[in-house]
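Asks: below are the sequence and a predicted model for it; my questions follow.
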Amino acid sequence: MSISIDVMKTDLLTVDEVQEKLSQFEPFTTLPLTKESSVSFQVDPEWNLTVDTLRDTDPVDVFVTIDGVEKQLTKEALGQLSSSIGLPMATVKKAPHDAVEGFLNRLYRDPSKDMKVLSVGDRASAMAPATITPFSNVELLDSVVDRLKHTYGGDAEILADYKITNTLTRTDIRLIVPQESRRMRDTYMDDVPGNAYDDWAAGVHLSNSLVGKSQTFVDTYLFRWWCTNGCTTENTSVGTWDRRHSGDDPADVVSWVTQAVDSALEHMEDKFDQIQSLASLQIADAEAVVSELFAQYNLPARQRREIGERAIRNQHMTLYSLAQAVTQQANEPGMSGKDVERLLRIGGIVSFDATLDPQKARIWDAGHHAPSGANNPFSMRRV
């Protein structure tokens, strides 16, 4: 029995659904906020009553007028504006509305640096340095999808992991190509029924920041159908798009994405082989290995507890099951986009180029069955 793609579609997203999510911030316009701008703020007396229940992308009852153009701020944009003048959002939320209004008006009467406001309709969604040219997430996604269809065929189905992050500060989209798959054998995972298969699919991870807070990159993403977890591996051959050295022409970065996708998809069979090889590497002292993992990556207490319980619960603990215990944590409700990214990247390190070394690689020394030339899977590097 294998996991049906049709069954999984209730959790995964279509490309159209991803595009709909991205349209929350596009098309956008930019409004300069310079030292010469005329700026005023208006803060509603009850603006902060429900602010803690709002998402960063939700509007708050705070308005800014720049050179005669009024915009309603999102929670994220207000946080950026206040923090840029040394006023933490935690303080803003507790202060009287007139104090916040007066402080913003006084400080932005003569701003210390030029900025630009990214707006969608009448909403000021985020702030960006004046020198940043935003790269459209919609255009980048179109370029990635076009290249995937060029590689796998125009009729190839492309889905997206539901663990999508989409704010103006950062967007992470993990695309999956179901037809490029591998069935892993003898994984002995407790979450896979005895008559079922442990299937994986290939994909790519696209990351971008409309406001230039992080670099744009395309990495390899491998997706496991059971438990809908996976791992991200770094695309070292093309790296990331460096605005400082490569420029900020949107046409250039869209063209670069084509090369990045091709690189991320290279040697996919070898990557599947590496995943399969982990199932042969049994871990005798589960508690020692899990403790070393926590020490290396300084995971939060709650994540440590849940990952540890999940890892040790598996009766046949291998490096494969350990990687799954880590990445399954990314599926937990309430995980931030930052936590999801970190957990999936740790999973990639454990799976491909990490080494857990609590007992000087004794598991490896006891006899390994990985392909010739494979990395010693018992040392780590930090993320």
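Replies: Happy to help now that I have it.

Asks: need the longest strand for this structure.
Replies: strand 171-184 (DSSP state E).

Asks: who touches stretch 189-203?
Replies: Here stretch 189-203 makes contact (Cβ atoms under 8 Å, 6 or more residues apart in numbering) with 1-3, 161, 174-178, 180-185, 187, 220-227, 230, 265, 268, 271-272, 275, 313-315, 320-321, 324. In this view, the C-beta of every residue, glycine as well, is placed from N, C-alpha and C.

Asks: hang on, I meant stretch 244-252
Replies: Stretch 244-252 is contacted by residues Ile132, Thr133, Phe135, Ser136, Glu139, Val253, Trp256 when judged by Cβ under 8 Å, 6+ apart.

Asks: of the residues you listed, just the buried ones, PyMOL syntax please.
Replies: Those of those that count as buried under 16 or more other Cβ atoms under 10 Å are selected in PyMOL with:
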select buried, resi 132+135+136+139+253+256
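
Asks: show me the contacts of stretch 244-252 that map onto strands.
Replies: Among those, no member falls in strands (DSSP E).

Asks: ok, the contacts of stretch 244-252 vs Phe28, which is closest?
Replies: The closest of the contacts of stretch 244-252 to Phe28 turns out to be Ser136 (Cβ to Cβ; 8.4 Å).

Asks: not counting its neighbours along the chain, what's nearest that closest one?
Replies: The shortest distance from Ser136 to any non-neighbouring residue, by Cβ to Cβ, 6 or more residues apart in numbering, is to Glu26 (6.1 Å).

Asks: let's see which of the contacts of stretch 244-252 end up in helices.
Replies: Counting by DSSP state H, the contacts of stretch 244-252 place Glu139, Val253, Trp256 in helices.

Asks: would a markdown table of these with distance to Leu118 and pLDDT be doable?
Replies: Below are the ones in helices among the contacts of stretch 244-252 laid out as a markdown table (distance: Cβ to Cβ, whole Å; pLDDT from 0 to 100):
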| residue | distance to Leu118 | pLDDT |
| --- | --- | --- |
| Glu139 | 15 | 95 |
| Val253 | 17 | 93 |
| Trp256 | 22 | 93 |
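
Asks: will you turn these into JSON lines that also has distance to Gln329?
Replies: Listed next are these as JSON lines, based on distance: Cβ to Cβ, whole Å:
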{"residue": "Glu139", "distance to Gln329": "33"}
{"residue": "Val253", "distance to Gln329": "32"}
{"residue": "Trp256", "distance to Gln329": "32"}
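
Asks: still on that earlier bit, tabulate the contacts of stretch 244-252 (CSV), appending distance to Gly212.
Replies: Below are the contacts of stretch 244-252 laid out as CSV (distance: Cβ to Cβ, whole Å):
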residue, distance to Gly212
Ile132, 4
Thr133, 8
Phe135, 9
Ser136, 13
Glu139, 16
Val253, 12
Trp256, 16
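
Asks: from the contacts of stretch 244-252, which is closest to Asp146?
Replies: Glu139 (10.5 Å).

Asks: what are the contacting residues of stretch 63-70?
Replies: 31-33, 37-43, 71-73, 81, 117, 122, 124.

Asks: average pLDDT across it?
Replies: Averaged over stretch 63-70, pLDDT sits at 95.

Asks: that one: end-to-end distance?
Replies: 7 Å (Cα to Cα, to the nearest Å).

Asks: buried residues in it, which are they?
Replies: So, applying 16+ other Cβ under 10 Å, buried residues of stretch 63-70: Phe63, Val64, Ile66.

Asks: among the residues you listed, which ones are in helices?
Replies: Among these, none falls in helices (DSSP H).

Asks: closest to Trp47 among the residues you listed?
Replies: Lowest distance from Trp47 to the buried residues of stretch 63-70 (Cβ to Cβ) belongs to Phe63, with 9.7 Å.

Asks: and the closest one, how far is that from Val69?
Replies: For Phe63, the distance to Val69 equals 11 Å [Cβ to Cβ, to the nearest Å].

Asks: how is this structure divided into domains?
Replies: 5-24+134-266, 29-129 (automatic domain parsing).

Asks: how about those in CSV, adding distance to Ser351?
Replies: As requested, the domains of the chain are exported to CSV (distance: least, Cβ to Cβ, whole Å):
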stretch, distance to Ser351
domain 5-24+134-266, 5
domain 29-129, 31
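
Asks: quick one: closest of the ones you listed to Val290.
Replies: Comparison of these against Val290 by Cβ to Cβ identifies domain 5-24+134-266 as nearest, at 15.7 Å.

Asks: residues near Gln282, how many?
Replies: For Gln282, the tally of surrounding residues (other Cβ atoms under 10 Å) stands at 16.

Asks: give the bridge partners for it, please.
Replies: On the basis of DSSP bridges, Gln282 is bridged to Thr318.

Asks: for this structure, which residues score under the pLDDT cut-off?
Replies: 1-8, 194-195, 236-237, 353-383 (pLDDT under 70).

Asks: all strands of it, in order?
Replies: Applying DSSP E to the chain gives strands spanning 13-14, 29-33, 39-43, 59-66, 69-74, 115-120, 123-129, 159-160, 165-166, 171-184, 198-208, 216-224, 229-233, 240-241.
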